[in-house]
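Colleague: the following comprises the amino acid sequence and a computationally predicted model.
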Amino acid sequence: MLTLRTHERIFTITLARPEKRNALNRAMADALVDAFDRAARSDAKVIVLRAEGKAFSAGADLDALRALQSASHGDNLADSTATAAIFDAMLRHPKPIVSLIQGDAIAGGCGLATTADISIAVDTARFGYTETSIGFVPAIVSGILQRKVGDTQARRLLLGAERISAAEALKLGLVTEVVPAEELESRGLWWARRFVNDLSGSALARTKGLLAAQIGLPLDRQMALAIESNAQARADADCREGVRRFLDNETQRW
């Protein structure tokens, strides 16, 4: 279902259900949350989220959709909560998450791409929140998408249920970069090594925490949080050492 690997402080999570197009179900959701928790407790500085097979993730598992026919409200609430836990774990994770999208990312799979800090897609990948086409509601990731691409484009994607190209996803700000398939691995490794070698782990964690905490707050509260975070960071060992290296014209290696 998932394979996990840590190498050179890079924690790699691979969706490993290629025969099911890496579709999401309750077991996959729980496994992803557990993997992100393990990554948080590891000595890795960055997470790479990737997938096996032709699709990055096709969204909900067909068996899970069939189960909706007889599920109780309590069952549905539990499943929805489990799915939401994936995106919450990503959004509030202290370490950067880089997703490598080698194929189509649809529905919940598109949510994974949307929530990652850096998303790199091959130029042949397609993206879409297609839930309304089957009478479903793309509710769980809607707030994250709205903040990422803006209300106008979020309404287009969530209500229209269209599948868009990687080029269009890049234009909308849904993904960070689009590359030819043969460059996906090297570009992902470039980002992972940058986080590992060139950037402070404590500064990254503070920045991600600040971005998550500011969600939904008015500007004055966002600014208050930013001031407090900035002040606290000044006392961090990383900040003091980084400033010393900068002033002494030394190479920054983290």
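Modeller: Thanks, I have the structure now. Here the structure is a predicted model, which is why all the values come from computation and not from measurement. Numbers count the residues shown, from 1 in each chain.
Colleague: just the buried residues of the strand or helix carrying residue 246, please?
Modeller: Assigned by DSSP states H and E, residue 246 belongs to helix 237-247. Residues of helix 237-247 classed as buried by neighbour count (16 or more other C-beta atoms under 10 Å): 238, 239, 242. From N, CA and C alone the C-beta is placed, and that goes for glycine too.
Colleague: now stretch 216-225
Modeller: So, applying 16+ other C-beta under 10 Å, buried residues of stretch 216-225: 222, 225.
Colleague: how far off centre is it?
Modeller: Averaged C-alpha coordinates place stretch 216-225 at 23 Å from its chain's average position (C-alpha atoms, centre = their mean, to the nearest Å).
Colleague: got the contact list for that stretch?
Modeller: 210, 213, 214 (C-beta atoms under 8 Å, 6 or more residues apart in numbering).
Colleague: and the strands in the stretch 101-250 of the chain, which stretches?
Modeller: For the stretch 101-250 of the chain, strands defined by DSSP state E, counting those that start in this stretch occupy the ranges 105-106, 118-122, 126-128, 163-165, 177-179.
Colleague: and the fourth one, what does it pack onto?
Modeller: Helices and strands in packing contact with strand 163-165 are listed as strand 126-128; criterion 3 or more C-beta pairs under 8 Å, 6 or more residues apart in numbering; DSSP states H and E.
Colleague: and what of the second one?
Modeller: Helices and strands in packing contact with strand 118-122 are listed as strand 97-101, helix 166-172, strand 177-179, helix 184-197; criterion 3+ C-beta pairs under 8 Å, 6+ apart.
Colleague: go again with 10 Å.
Modeller: Judged by 3 or more C-beta pairs under 10 Å, 6 or more residues apart in numbering; DSSP states H and E, strand 118-122 is in contact with strand 46-51, strand 97-101, helix 108-115, helix 166-172, strand 177-179, helix 184-197.
Colleague: mean confidence for whichever helix or strand comes after the first one?
Modeller: Proceeding N to C from strand 46-51, the next assigned helix or strand is helix 62-67, under DSSP H and E. Averaged across helix 62-67, the pLDDT comes to 71.
Colleague: may I see the buried residues of helix 62-67?
Modeller: Burial within helix 62-67, assessed by neighbour count using 16+ other C-beta under 10 Å, is assigned to residue 64.
Colleague: next one: stretch 83-99
Modeller: Under the neighbour-count criterion of 16+ other C-beta under 10 Å, stretch 83-99 has 83, 85-91, 93, 95-99 buried.
Colleague: same list (those residues) but as JSON lines, adding pLDDT, distance to residue 112 and secondary structure.
Modeller: Output for those, formatted as JSON lines (pLDDT from 0 to 100; distance: C-beta to C-beta, whole Å; DSSP: H, G, I helix; E, B strand; the rest coil):
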{"residue": "83", "pLDDT": "91", "distance to residue 112": "11", "secondary structure": "helix"}
{"residue": "85", "pLDDT": "95", "distance to residue 112": "13", "secondary structure": "helix"}
{"residue": "86", "pLDDT": "96", "distance to residue 112": "7", "secondary structure": "helix"}
{"residue": "87", "pLDDT": "95", "distance to residue 112": "8", "secondary structure": "helix"}
{"residue": "88", "pLDDT": "95", "distance to residue 112": "13", "secondary structure": "helix"}
{"residue": "89", "pLDDT": "96", "distance to residue 112": "11", "secondary structure": "helix"}
{"residue": "90", "pLDDT": "96", "distance to residue 112": "8", "secondary structure": "helix"}
{"residue": "91", "pLDDT": "94", "distance to residue 112": "11", "secondary structure": "helix"}
{"residue": "93", "pLDDT": "96", "distance to residue 112": "13", "secondary structure": "coil"}
{"residue": "95", "pLDDT": "97", "distance to residue 112": "16", "secondary structure": "coil"}
{"residue": "96", "pLDDT": "98", "distance to residue 112": "15", "secondary structure": "coil"}
{"residue": "97", "pLDDT": "98", "distance to residue 112": "9", "secondary structure": "strand"}
{"residue": "98", "pLDDT": "98", "distance to residue 112": "12", "secondary structure": "strand"}
{"residue": "99", "pLDDT": "98", "distance to residue 112": "6", "secondary structure": "strand"}
